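In: next input, structure requested:
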Amino acid sequence: MKRFLILTAGYGDGHNSAARAVGEVLQECGEVRVCDVCAEALPQAFKWTRVLYLWMTARVPWLWRCLYDLSDTSDWSGGVPPGLGPIAGRLRSLLDQWKPDAVVCTFPLYPYLLDVLFRQGARKVPYMTVVTDSLAISRTWLESEACLFAVSDEWTRQLLVEERGLAPERVEVTHFPVSPRVCAGQEVQSWCAGRPFKVLYVPQGSSALVEEELSAMLDAAPEVYVTVVLGRKVRRLYRAVHGAALRSGRDRVHILGWTQRMPLLLASHHVLVGKAGGASVHEALAAEVPVLVNHFVPGQEEGNTELLRRLDGGRFVATPVELRQALQFLLKDEGAAWLVMKGNLRRARMKGGAARIAELVQQIDDFEV
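Out: Numbers count the residues shown, from 1 in each chain. Presented below is the predicted three-dimensional model:
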């Protein structure tokens, strides 16, 4: 059996989600190992830099935007960046000892480390890069010698080829790799007035903002029912969510904590309200669920928001008032606007990325590296 090494990092959910999805498909035809080499090699440094990343993107997004823009002027191709020697060493051990037949990178650091290790005499392996951003693509994704770059859409491919100078044969539109368990729900292919209009809400921000957003959604129309997925924010946000539910319609709010049922939840809801993360947006696109974005990380997640706009499958809502108005717009005239968005996503067919990437990985094992 062939061995496939999938490299990821836990800075945001998109990299891990993409890695897991590709692994789900590849394990049917070979031995798969999904590794967060950053966490394995530098566990304490990874822990604190991840906390810093999450804090920065949530509390001081302008500072993260500055760092993101700075990364677009950086060149990582010369050698191992200072302080990352243990990560390179761990990666070389995987190459030399586990001996994969091909590598998939879902985080932009690893392609450069692979290039350096190959130059230093490590066992050469063909690899491809899965770009987990859309439209807003930092240079850090693109300067490596990867055999192939997998991207989410034709607009992103056009950007990389025509503006960033990548050879057309190195860029393949695969769509974002989401779990094969994500699928469109037949029960929500249509909607009519008087029936529950189910909103899947993944809150962001402060307790006060979450309370306002939930109240705004419930005030939009009596048909609106909201499933709130708090995830790891249960202790911080439960009181605010519960309070808004008591005031506006307790029977119309269902509160969940951490769940592994997001694919099933997406398939059974009409709209997703949440952050423009790569995984969440593309899972919604695969499930043909329109998205109302209430928050995005400056830089990479702006591209996901723009992709929704170009597909006419969602929009950004900057305030609770805009969120209420957006839901009312989707619901008016027997849900005409919602049906249009739903149809746009059905025609876009933004699914099958994991299977396509798995197919390409198996085809690159004879490429010269």
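
In: can you pull out the helices in this protein?
Out: 13-26, 37-41, 43-59, 61-71, 85-93, 109-119, 154-158, 207-220, 234-248, 262-267, 278-286, 300-311, 320-348, 353-363 (DSSP state H).

In: now do the third one against helix 85-93, angle only.
Out: Using axes from the mean of the first three to the mean of the last three C-alpha atoms, to 10 degrees, the direction of helix 43-59 lies 110 degrees away from that of helix 85-93.

In: equivalent analysis for the first one, please.
Out: Taking the same axes, to 10 degrees, one finds helix 13-26 and helix 85-93 inclined to each other by 10 degrees.

In: is it true that residue 177 touches residue 18?
Out: Yes. With contacts counted by C-beta atoms under 8 Å, residue 177 reaches residue 18, the gap being 4.7 Å. Using the backbone N, CA and C atoms, a C-beta is placed for each residue, glycine as well.

In: give me the common contacts of those two.
Out: residue 130 (C-beta atoms under 8 Å, 6 or more residues apart in numbering).

In: of all the helices of the chain, which one is nearest residue 200?
Out: Ranking the helices of the chain by distance to residue 200, with C-beta to C-beta as the measure, places helix 262-267 first at 5.6 Å.

In: return the distance of the closest one from the chain's centre.
Out: Here helix 262-267 is found 15 Å from its chain centre; the criterion is C-alpha atoms, centre = their mean, to the nearest Å.

In: kindly export that helix (C-alpha atoms) in PDB.
Out: C-alpha atoms of helix 262-267 as PDB (Å, rounded to 0.1, in the frame of the first residue of the first chain):
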ATOM      1  CA  MET A 262     -21.800  20.000  11.800                       C
ATOM      2  CA  PRO A 263     -22.200  18.200   8.400                       C
ATOM      3  CA  LEU A 264     -25.600  17.000   9.500                       C
ATOM      4  CA  LEU A 265     -26.600  20.300  11.000                       C
ATOM      5  CA  LEU A 266     -25.700  22.100   7.800                       C
ATOM      6  CA  ALA A 267     -27.800  19.700   5.700                       C
END
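
In: check which residues of that helix are buried.
Out: 262, 263, 265, 266, 267 (16 or more other C-beta atoms under 10 Å).

In: returning to that earlier point: let's have the helices of the chain in TSV, adding distance to residue 226 and mean pLDDT.
Out: Below are the helices of the chain laid out as TSV (distance: least, C-beta to C-beta, whole Å; pLDDT from 0 to 100):
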stretch	distance to residue 226	mean pLDDT
helix 13-26	22	94
helix 37-41	34	95
helix 43-59	22	89
helix 61-71	26	85
helix 85-93	42	94
helix 109-119	38	94
helix 154-158	32	97
helix 207-220	5	93
helix 234-248	8	86
helix 262-267	12	88
helix 278-286	16	93
helix 300-311	20	94
helix 320-348	10	95
helix 353-363	29	95
